[in-house]
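1. Fold the following for me, if possible:
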Amino acid sequence: MMFPERDSLHSCFPFLGVSPGGERLAKHRLLVRPARSEVSPLCTELTGLTQADVDQGLPFTKACRALAAKHHTGLIPWASWGDYDRNQFTRQCRHTGTQYPFNHRHTNVKAAFTTSYGLRRRPGMPRAPTVAGLPLEGRHHRGDDDAWNIAALVLDLMGREDWPTG
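-> From the prediction side, this is the model:
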C-alpha cells in the first residue's frame, strides 16, 4: 500500500509502503520541479524544502512515470489523509496530459480513522496520532514525515480491525 502526500506546491511525492506483516518500510521521496510557481518562505518554513531543493527535482510528468516504474503504483491500492491528494493528482494529470500513476483503489485514511474512533469531526493529521496514543514523528507538512505518520495510523486501524478491505 502506498501513502503519497504532497505539499501545497505539489513539489514532493513522498511515499512509503507497509509490509504484509504490518511494518512501515523505508521512506522515499521524489521531488517535483514546479512548472509555474516558486517555493515561498512559508513553504520552506513548513516543509524545510527550498527552491534549490525543488530545482533539482523532475518535471511532473517524468516524476509520475518514475514513481509508477519504480514502485508499481498502478498495481497496488493507496491511501492518503483525506481526498485532497487524490483529487489534486487527478486534476494535475488531466491538466498536463499525464497518465495517472496510481491504482484507482484509494482509501481516505481520515474518514476511516474518524469512524474507527467514533469522532464527530475529522481530525487534522497532526492531531490524529495523539488520539491514537501514538507519537507525531518528524515535521508536520513535510511529505515524507506525514506519510510515515499516516502509515502508523493505518497500522493502528488494522490493529483495531477497522481498516477497510473492500
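
2. Now do the phi/psi pair for V32.
-> phi -120, psi 130 (degrees, to the nearest 10).

3. now H106
-> Torsion angles, degrees, to the nearest 10, at H106: phi -120, psi 140.

4. before we move on, what about the one 4 residues further on?
-> Backbone torsions for K110, taken as degrees, to the nearest 10, come to phi -60, psi -40.

5. Could you pull up the residues touching it?
-> 81-82, 122-123, 125, 128 (Cβ atoms under 8 Å, 6 or more residues apart in numbering). From N, CA and C alone the C-beta is placed, and that goes for glycine too.

6. What subset of the residues you listed is buried?
-> Buried subset of the contacts of K110 (neighbour count, 16 or more other Cβ atoms under 10 Å): 81, 123, 125, 128.

7. Nearest to H141 among these?
-> Closest approach to H141 among the buried ones among the contacts of K110 (Cβ to Cβ): M125, at 9.1 Å.

8. in the lengthiest helix in the chain, what's buried?
-> With secondary structure taken from DSSP state H, the chain has its longest helix at helix 143-159. Across helix 143-159, burial judged by 16+ other Cβ under 10 Å covers 143-157.

9. And stretch 26-37, by the same measure?
-> In stretch 26-37, counting by 16+ other Cβ under 10 Å, buried: 27-34.

10. now do stretch 78-90
-> 78-81, 85-86, 89.

11. any idea how far that stretch is from the chain center?
-> Put simply, stretch 78-90 sits 8 Å off its chain's centre (Cα atoms, centre = their mean, to the nearest Å).

12. what does stretch 23-30 give?
-> 11 Å.

13. End to end on that stretch, go ahead and measure it.
-> Its start and end residues considered, stretch 23-30 measures 22 Å (Cα to Cα, to the nearest Å).
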